[in-house]
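Student: Sharing a model prediction with you, sequence too.
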Amino acid sequence: MTASLRAMGALVRRALNEILRVPGGAIPGVLAPTIFMLGLSAVFGKASHLPGFTASDFRTFIVPVGFLQGASFTGAATGVNLARDIEQGWFDRLLLSPTPRPVLLAGLVGSASLRALMPASFLLVVALIVGVHWPGVLGLVVAGALVMGLACVMALWAVMLALRFRTQQAAPLMQIGGFIAVLFTTAYAPQALLTGWLRDVARINPVTHVLDGVRQGFVAQVTWGKTWPAFVAVAGLMLVLGALAVRGLRRVGV
Amino acid sequence: MATAEAAVPRVAVGRAAPGLAITVLALGRRALRNSLRRPQFLAPLIVFPSLMLAVNVGGLSRTTSLPGFPHVHGFLDFQLAAALVQSLMLGGVSAGIATALEIEGGFFDRLIAAPIPRVAIVLGRLLATGALAAGQVAYFLALGLTFGGHIEGGIAGVVLVLAIGVVAGVGFGGIGVMLALRARNASTVQGIFPIVFVVLFISDAFFPQNLLSSPADAVAAYNPLSYVADGMRNPIIASISATKVIDGLIAAAGIAVVAMALSVWALRGRLREE
């Protein structure tokens, strides 16, 4: 158990070291959610004047989307880094180590959950500066936990693809998965204002619950009714994608 | 990777070097063929703007009822120009990445050593970007019509959208090529991806200028991208207005001329260093 934790810790540290060694690689992922938040609120800000819009300010409504986008980019980056490690042979050396494969997976995914806090923190600071509503300590804790959880989910998705395609050229596929998961929700407008197919997709997309959970502190109060479905959605996605990623990992080198 | 000898027209011993037009055509054909062979370069030009279009239309269709929103058949019609501009700008990034990869891979050096007009290296790439831009415009118009969009300007409208799109696409390609010639590596060119969105967000590509929040509305009034988007949007959402279309064409041509001049200037700078 202790050895497994130590191995996980080493993998997490290695992933975090990359941020210090190649800061240029992390900058786009950190900046992009903030650019989107500022840009989308400048462009679509007047949408909050529509009858039935559940926030008085579009920026407050869109900030949680930026948090989830950051988590999604971080998850995809974990998959791209793994694909690079596979291409360069580093991952083969990891597989030869006596560390159980699920522990390797946990290390990779754990690093994504911590890295996701970087774009989220930057976005939060900028958002508060431009006047976004303070979500309260509880709202922030819930949002942070959900962002970390979703980063794990997206990392599992990206790891699964990296193990399947074994090349960095699968990067767009990893990113598009996160893009669809986050934006095919109530990202731009409340459920009642969505139209056509997006309304139906948002209703069945589990990430909508995660977004509602992150958003609740910003637009209103944190409630148990919005919190538990968000955590159940994250846990369910982790379970399904985790099983698929472990299966992919077991097939490597067999 | 194809060799320079295979890309440029063959020259028999004792005969003059090929002219500019033949070389541009040969390099353009090669660049286009390479782009079509690499779906990882083409996918972002189509997939991301298509997804954004889908999300914007599904999520914000009701904004057409906001006071001040121009009369449109639907939000899809309004958003088509945004998807087009976005796709064309990403086409410019893609042209830059392709050029940077040729520099990294040594193909560019072999082209310089070949007996061809140097400016053909830039013009060939831009020819391919223009051809690709025509395909992008056709794809998004077809996508719009498939999902219930209207093109009020009819066939003439389609031709005008295509014309502005191709000229603007060449302009964005020129910016990408210029950056590639200055930076010389693909990852730096890829780094401008977020800037594409910054420039888009401070134009009226996504939403009417009078409904943008401050200060985006003020910046959008001077952003040439707004004129390109309006020029392409006008034939889609209304009967053709000469002013909007001409403004769009002038803005697109302005971007193209400046970007081509900058990329040729960057090429000369690079040749001096060689």
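Tutor: Received it, and whenever you're ready, just let me know what you need. All of these numbers come straight from a predicted model, not from anything done at the bench. Numbering: from 1, shown residues only, chains lettered A, B, ... in the order given.
Student: what does stretch A:210-230 contact?
Tutor: For stretch A:210-230, the external contacting residues (CB atoms under 8 Å, 6 or more residues apart in numbering or on different chains) are A:54-55, A:60-61, A:63-65, A:67-68, A:132-133, A:135-136, A:138-140, A:142-143, A:146-147, A:149-150, A:182, A:185-187, A:209, A:231, A:233-234. Using the backbone N, CA and C atoms, a C-beta is placed for each residue, glycine as well.
Student: ok, which of those also contact chain B?
Tutor: The subset of the contacts of stretch A:210-230 within reach of chain B, by CB under 8 Å from any CB of the partner chain, is A:Thr186, A:Ala187.
Student: Narrow the contacts of stretch A:210-230 to those that are buried.
Tutor: Using 16 or more other CB atoms under 10 Å in any protein chain shown as the burial test, the contacts of stretch A:210-230 include A:55, A:60-61, A:63-65, A:67-68, A:132-133, A:135, A:139-140, A:142-143, A:146-147, A:149-150, A:182, A:185-187, A:209, A:231, A:233-234 as buried.
Student: where's residue 247, which helix or strand?
Tutor: Looking at chain A here, since you left the chain open. Taking DSSP states H and E as the criterion, A:Arg247 maps to helix A:224-251.
Student: let's do chain B instead
Tutor: Using DSSP H and E, B:Asp247 falls within helix B:242-273.
Student: who touches the closest residue to chain A within the stretch 151-274 of chain B in this structure?
Tutor: Closest to chain A within the stretch 151-274 of chain B is B:Phe201: 3.1 Å, counting by CB to the nearest CB. Residues counted as contacts of B:Phe201 (CB under 8 Å, 6+ apart) are A:Ile35, A:Leu38, A:Gly39, A:Leu40, A:Ala42, A:Val43, B:Ala216.
Student: Got phi/psi on the closest residue in space to B:Pro70 that isn't next to it in sequence?
Tutor: Spatially, and ignoring its direct neighbours in sequence, B:Pro70 is nearest to B:Pro208 (6.0 Å; CB to CB, 6 or more residues apart in numbering or on different chains). With angles defined as degrees, to the nearest 10, B:Pro208 sits at phi -60, psi 140.
Student: Near chain B, which residues of the stretch 1-150 of chain A are found?
Tutor: Neighbours of chain B within the stretch 1-150 of chain A, by CB under 8 Å from any CB: A:24, A:28, A:31-32, A:35-36, A:38-47, A:49-50.
Student: quick revisit: let me know the average pLDDT across the helix holding B:Asp247.
Tutor: Per-residue pLDDT values over helix B:242-273 give a mean of 94.
Student: from the chain's centre, how far out does it sit?
Tutor: When C-alpha coordinates are averaged (CA atoms, centre = their mean, to the nearest Å), helix B:242-273 and its chain have centres 12 Å apart.
Student: quick one: buried residues of that helix?
Tutor: Buried positions in helix B:242-273, judged by neighbour count with 16+ other CB under 10 Å: B:244-245, B:247-256, B:259-260, B:262-264, B:266-267, B:270.
Student: Can you list the helices and strands that that helix packs against?
Tutor: Contacts defined by 3 or more CB pairs under 8 Å, 6 or more residues apart in numbering or on different chains; DSSP states H and E place helix B:242-273 against helix B:119-146, helix B:154-183, helix B:224-237.
Student: Output these as TSV; include the columns mean neighbour count.
Tutor: Formatted as TSV, those follow (neighbours: other CB atoms under 10 Å in any protein chain shown):
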stretch	mean neighbour count
helix B:119-146	22
helix B:154-183	24
helix B:224-237	25
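Student: May I see the ones you listed organised as a markdown table, with distance to B:Gly59 added?
Tutor: As requested, those are exported to a markdown table (distance: least, CB to CB, whole Å):
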| stretch | distance to B:Gly59 |
| --- | --- |
| helix B:119-146 | 17 |
| helix B:154-183 | 25 |
| helix B:224-237 | 19 |
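Student: Could you dump these into CSV and include mean pLDDT and distance to A:Thr2?
Tutor: Converted to CSV, the helices and strands packed on helix B:242-273 look like this (pLDDT from 0 to 100; distance: least, CB to CB, whole Å):
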stretch, mean pLDDT, distance to A:Thr2
helix B:119-146, 96, 56
helix B:154-183, 95, 47
helix B:224-237, 96, 58
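Student: So what's the residue count around A:Val137?
Tutor: 10 (other CB atoms under 10 Å in any protein chain shown).
Student: what's the pLDDT at it?
Tutor: 96.
Student: One more: A:Leu108?
Tutor: Reported pLDDT for A:Leu108: 88.
Student: distance of it from chain B?
Tutor: A:Leu108 sits 23 Å away from chain B, going by CB to the nearest CB, to the nearest Å.
Student: thinking that residue is in contact with A:Met8, fair?
Tutor: No - under the criterion of CB atoms under 8 Å, A:Leu108 makes no contact with A:Met8, lying 9.2 Å away.
Student: Helix, strand or coil: sort out the residue of the stretch 1-150 of chain A found nearest chain B for me.
Tutor: Across the stretch 1-150 of chain A, no residue is closer to chain B than A:Gly39, which sits at 3.1 Å (CB to the nearest CB). Per DSSP: H, G, I helix; E, B strand; the rest coil, the secondary structure class of A:Gly39 is helix.
Student: Report the contact partners of it.
Tutor: Taking CB under 8 Å, 6+ apart, one finds B:Phe197, B:Val198, B:Leu200, B:Phe201, B:Ile202 in contact with A:Gly39.
Student: Leaving out sequence neighbours, find the closest residue to the second one.
Tutor: Taking CB to CB, 6+ apart, and ignoring the residues beside it in sequence, B:Val198 has A:Ile35 as its nearest neighbour in space, at 5.9 Å.
Student: Contact partners for the one you found?
Tutor: Contacts of A:Ile35 (CB under 8 Å, 6+ apart): B:Pro194, B:Phe197, B:Val198, B:Phe201.
Student: Can you tell me which of the residues you listed has the largest number of neighbours?
Tutor: B:Phe201 leads those on contacts (other CB under 10 Å) with 24 neighbours.
Student: so what pLDDT did that one get?
Tutor: For B:Phe201, the model assigns a pLDDT of 92.
Student: Please apply the same query to A:Gly79.
Tutor: A:Gly79 carries a pLDDT score of 91 in this model.
Student: repeat for B:Pro70
Tutor: For B:Pro70, pLDDT reads 92.
Student: for B:Gln86, same thing?
Tutor: Note for B:Gln86: predicted pLDDT of 95.
Student: With adjacent residues omitted, what lies nearest to it?
Tutor: Nearest one to B:Gln86, counting by CB to CB, 6+ apart, is B:Pro49 at 4.4 Å.
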